[in-house]
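Participant: When you get a sec, could you give me coordinates for this:
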Amino acid sequence: MQGTGFKLFAVGALLFISLWQLFPTIQNSLNNRDLAAMDPAEREAYEAENADDLQATSEEALKLGLDLQGGMHVTLEVGTGALLRELAGNRTDDTFDAALASATEASVTSDQDFVTLFADAIEDERAGTRLARYFRNADADITARSENDAVIAYLQEEVEEALVRAEEIIRQRIDRFGVTEPLIQRQGTSRIVVELPGVDDEERVRELLKGTAQLTFHLAPPTAEIQQAATNLFAYYENGGEELEADTTATTDVDTTATEVASADADTADVLDLGDITAGGDEAAQAGGNPLAAVLQRIQVDPSSNSPIVGQVAEGDTAEVSRLLAAPGAQRLIPPGVDFLFTAGPDAGVTADGEGVHYLVAVNERVELQGEVITDAGPDFDPYTNAPQVSITMDGVGASRWSQITGANRNKPVVIVLDNLVYTFPTINERIPNGRTQITGNFSRQEVDDIVTVLKSGALPAPVSIVEERTVGPSLGEASIRAGTRALLVGFLLVCVFMAIYYRGAGLVANVALLLNVLFIFGVLASFGATLTLPGMAGILLTIGMAVDANVLIFERIREEMESGKTLKAAVDGGFAKALSAIADANITTFLIGVILFSFGVGPIQGFAVTLMAGILTSLFTALVVTRLIIDYLVQERGVKVAFG
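Facilitator: Numbering: from 1, shown residues only. Predicted structure coming up:
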């Protein structure tokens, strides 16, 4: 029994650590069971009273993966083509556009990186074209004389930096969202996989992941110019799309006025708010079959009011309005350098059917101030109305520029745009010198938190689109847990019955070791903060079989030693010694496979690999240490003639 003391200490220590690490999981399970049995009012009161304890226990419990807990699986694709177009600036031409389209199409099925596909497409479109014709960067030493290889290396570096930055920003946004144990991982050359267990607000997650956080400040064109453009657009579609001569001197009747925002003290942040607008509809135009009037209700305002509002539109009609305004004939009627954008929230109220209504706002395309100047953003409340708002603080450069903009444009609206959506368009009453401003609107507290999250995480370096999305409901997750637990128990019991029948006394010893093995696996997973997934449960079931396989090898070698005439004690020593090499070879090679799966796999594959590797380590320990310890105690200390079949 040499070394028995150390073996006992090792088994006891591992057993204690496993139980200690699993205690929060057991407590969390009991809490959830008790909460489920309460009526809604009692449950709400209990959760409010014990919020901290419940949250702490939940955070320390063994984490469940997407397939067991429910949630979202999203695959994002970073717009590499848009990034290349941005890097090229205004040097693009038809060849560039054709090559970019060709590379985008080829990237769907090709394993090559996008930059290489783009370079090949440029060569196919116009042989001998130098990429330096489109891309220049003095800091990277990319000039008009740079060779294609140098430009390709520069572009690949820029794309890689953009992907790394995008992954970091998405991780920051998800962390601020409050998801427990999210999985965020690169896939291929342009994709990022995001798994969010426990998430049930799918639309909010989509907006949080896709938002590029491009915050810009714009001035609005003159109201008379806006109203004349609106008149021409409505007349254009009234006449079936026939172009009209724009009467730039015409003005419009006043139906409503836009209220200005009172200025704040110089020592405090100035509050930006939307004006109160009452729509004046054009039912006659709608009745006449005007497609634009059918989806856009025009708002006519006094030119002296400086309101940038063109009209209002139901949320479900925004896409149709965008399509009509994007028509070539309609675009010729919109003043150069002017763009029409929708407000982010349903600031214009709701329809009779309860659908949100958005304003259509005219803004100058020229950006007066970029969001990069923002140093801090946080949730705040309007001191007068207590409405949620976003408070932003600018750096020195931004504060100086903001002071110039507000000082030079008194009594004019400034439009604050985030990701091509207008959040507010207040009238400037006086110069704002301190670089502090509020973004206000018809926001809920959750919407304010999301805006702050996006602003504080920073702007994505390129547009991000969702190319794949899967949602696992909580009920399906519970069903998976029940099915996985049932499979685990049935498999465990079948193995135990087989071992007890075939190996009799030794089989019972193996079953005790097997039970400890399962406990140790869950303890290891909880200790390292691993996430248990459905494939992970399959991995546990596999390791149960592998643990039994090790005991089978040991018992068969012991039987061979006993058949050769050795005593039981000598047979046990010889059996363990001779089985060691075969057990080690099988488990080491399987462990290496687990390492490979974990390194190159994604999501469920990694979950399987984690439990497989943990199970192999605990299986070796229980087979070579726990089983040996019990058998030695029975044979040497108690003198029991253990049967091996």
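
Participant: Run through this protein and note the low-pLDDT ranges.
Facilitator: For the chain, applying pLDDT under 70 flags the ranges 1-3, 176-181, 200, 211-213, 241-288, 440-442, 454-460, 473-477, 602-603, 645.

Participant: wait, what's in contact with the residue lying farthest from the centre of the chain?
Facilitator: Here the chain reaches farthest from its C-alpha mean at residue 565, the gap being 66.0 Å by C-alpha atoms, centre = their mean. Contacts for residue 565 (C-beta atoms under 8 Å, 6 or more residues apart in numbering) come out as none. Quick note: C-beta positions are derived from backbone N, CA and C, even for glycine.

Participant: That one: what secondary structure?
Facilitator: For residue 565, the assignment made with DSSP: H, G, I helix; E, B strand; the rest coil gives coil.

Participant: Tell me, how many residues neighbour residue 328?
Facilitator: Neighbour count for residue 328, taken as other C-beta atoms under 10 Å: 7.

Participant: Give me the distance between it and residue 74.
Facilitator: Separation of residue 328 from residue 74 (C-beta to C-beta, to the nearest Å): 36 Å.

Participant: And residue 109, by the same measure?
Facilitator: 22 Å.

Participant: again with residue 157
Facilitator: 27 Å.

Participant: who has more neighbours, the two?
Facilitator: The neighbour comparison of residue 157 against residue 74 (other C-beta under 10 Å) goes to residue 74, with 24 against 12.

Participant: quick one: the more buried one and residue 464 touch, right?
Facilitator: No - contact between residue 74 and residue 464 fails when scored by C-beta atoms under 8 Å: they sit 10.2 Å apart.

Participant: In the protein, spot the helix with the most residues.
Facilitator: helix 474-527 (DSSP state H).

Participant: Run through the neighbouring helices and strands of that one.
Facilitator: Packing partners of helix 474-527 (3 or more C-beta pairs under 8 Å, 6 or more residues apart in numbering; DSSP states H and E): helix 4-37, helix 66-69, helix 534-563, helix 604-621, helix 627-632.

Participant: now those helices in JSON lines, with mean neighbour count?
Facilitator: What follows is these, written out as JSON lines (neighbours: other C-beta atoms under 10 Å):
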{"stretch": "helix 4-37", "mean neighbour count": "14"}
{"stretch": "helix 66-69", "mean neighbour count": "26"}
{"stretch": "helix 534-563", "mean neighbour count": "21"}
{"stretch": "helix 604-621", "mean neighbour count": "23"}
{"stretch": "helix 627-632", "mean neighbour count": "22"}
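
Participant: quick one: which of these is nearest residue 410?
Facilitator: helix 66-69 (53.8 Å; C-beta to C-beta).

Participant: Between helix 604-621 and the next helix or strand after that closest one, find me the angle.
Facilitator: Where DSSP states H and E defines the elements, the next helix or strand beyond helix 66-69 is strand 71-78. Between strand 71-78 and helix 604-621, the angle formed by their directions is 120 degrees, by axes from the mean of the first three to the mean of the last three C-alpha atoms, to 10 degrees.

Participant: Off-centre distance for strand 71-78?
Facilitator: How far strand 71-78 lies from its chain's middle: 7 Å, per C-alpha atoms, centre = their mean, to the nearest Å.

Participant: Could you pull up the residues touching residue 214?
Facilitator: 371, 417-420, 459.

Participant: Just the ones in strands from the residues you listed, please.
Facilitator: When DSSP state E is applied, the contacts of residue 214 are split such that 417-418 fall in strands.

Participant: Derive a ChimeraX selection command for the buried subset of the contacts of residue 214.
Facilitator: Here is the ChimeraX selection string for the buried members of these, based on 16 or more other C-beta atoms under 10 Å:
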select :371,417,418,419,459
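
Participant: so which of the contacts of residue 214 comes closest to residue 12?
Facilitator: Nearest to residue 12 among those, with distances taken as C-beta to C-beta, is residue 459, at 54.5 Å.

Participant: that older thread, which neighbours do residue 74 and residue 464 share?
Facilitator: residue 209.

Participant: do you know how far the nearest residue to residue 359 once chain neighbours are set aside is from residue 188?
Facilitator: The shortest distance from residue 359 to any residue other than its chain neighbours is 4.5 Å, reached at residue 343 (C-beta to C-beta, 6 or more residues apart in numbering). Separation of residue 343 from residue 188 (C-beta to C-beta) stands at 37 Å.
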